[in-house]
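[1] below is the sequence, then the predicted model.
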Amino acid sequence: MNLPVIDPLDKRLNAFNENIADSRLRKDVKSAKYVDGLPAQIVAPCVDMRRVPDLKTGIDTQLLLGQSVQVFERRDGFAWVQAKLDGYVGWVEEKCLSDDISIFTHRVLVGRSFVYPGPDLRFPRAKTLSMGSLVKVAGEAETRGTQYAVLASGEGMIASHLCPIDEYETDYVSVAERLIGTPYLWGGNSGFGIDCSGLIQIAMMMCEQKVLRDSDMQTATLGSPIEPGESFENLQRGDLIFWRGHAAIAQGDGLMVHASGHSMTVTSELLKEAIERIAYIYERPIAFKRLKSGP
């Protein structure tokens, strides 16, 4: 079966159109103007990225607090950016960006975590952050026996919800399992709402594995093909299952975890039953793949 192939000039991964283009693409594409991207950071908890600068359109992906981007154009309250994490290109609201580049010390490791005005869970929450968000911790405090990380802003977070930015997890399946119950959101890439390829990307990101965003990109670039066996008995924990437009992670013991448009949540279910259900409406998987490093 023919698997997806990524075009080197895929517009999801290259900033160019007929009016303006990334100067690094000067030799590859024609455009009226070439510009160098300017660095910026995401300063809102979760930012939607769209193909066009219009809030009425659907989202393609999301960016999280602290993530870095290159800005190529600003207009009408939007910025056309490329994410440093995975190279994805799109429009975000300009108010969600800052040109002041901060240095972060910690990462959120749970699905969602509250930020309080100070180190006290009885304070009204100031904001909510997703797994993968970046923060700068300046100190620590204890209130009624609970340990808090005190951020550079003076705000407080539960200390156990954070890990040092240079520490990573080793089992992306376990990370994905922590997001079970998260609502399904097309284009979602956070603990607030997530889609199938977003689940794989954020789970692997937490294990220091850079992964492209969309399921066709992941099918084309992740792992090596394996033969699953007639009853999928050859699948191991951490193997990836790809359909055209969908993706899941094998958990072992005949189970898989995925962001499901059927249940509209991240869910764990019997792999064989899920494959049969999906095949009834769409088709069977086009690839089973295994990463060399495993989960």
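    Ah, there it is. Numbering: from 1, shown residues only.
[2] every contact and neighbour count from this point should use C-alpha atoms.
    OK.
[3] sketch out the helices for the chain, chain order is fine.
    With helices called from DSSP state H, the chain shows them at 172-178, 196-205, 215-221, 271-281.
[4] got the contact list for the longest one?
    Pointing back at helix 271-281 there. Defining contact as Cα atoms under 8 Å, 6 or more residues apart in numbering, one finds that helix 271-281 is touched by 231-232, 250, 254-256, 284-285.
[5] equivalent analysis for stretch 183-201, please.
    Residues from elsewhere that reach stretch 183-201 (Cα under 8 Å, 6+ apart): 46, 59-64, 111-112, 130-132, 176, 179, 182, 202, 210-215, 218, 246-249, 258-261, 264-266.
[6] now stretch 17-36
    Outside of stretch 17-36, the residues that reach it under the criterion Cα under 8 Å, 6+ apart are 14-16, 37, 72.
[7] could you redo the last one with a cut-off of 7 Å?
    Stretch 17-36 is contacted by residues 15-16, 37, 72 when judged by Cα atoms under 7 Å, 6 or more residues apart in numbering.
[8] need these in JSON lines (columns: neighbour count and pLDDT).
    Output for the contacts of stretch 17-36, formatted as JSON lines (neighbours: other Cα atoms under 10 Å; pLDDT from 0 to 100):
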{"residue": "Ala15", "neighbour count": "25", "pLDDT": "98"}
{"residue": "Phe16", "neighbour count": "24", "pLDDT": "98"}
{"residue": "Gly37", "neighbour count": "19", "pLDDT": "97"}
{"residue": "Phe72", "neighbour count": "22", "pLDDT": "98"}
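[9] ok, which pair from those residues is furthest apart?
    The span of the contacts of stretch 17-36, defined through Cα to Cα, is set by Phe16 and Gly37 at 11.6 Å.
[10] related to what we said a few turns ago, what subset of the contacts of stretch 183-201 is buried?
    46, 59-64, 111-112, 130-132, 176, 179, 182, 202, 211-215, 218, 246-249, 258-260, 264-266 (16 or more other Cα atoms under 10 Å).
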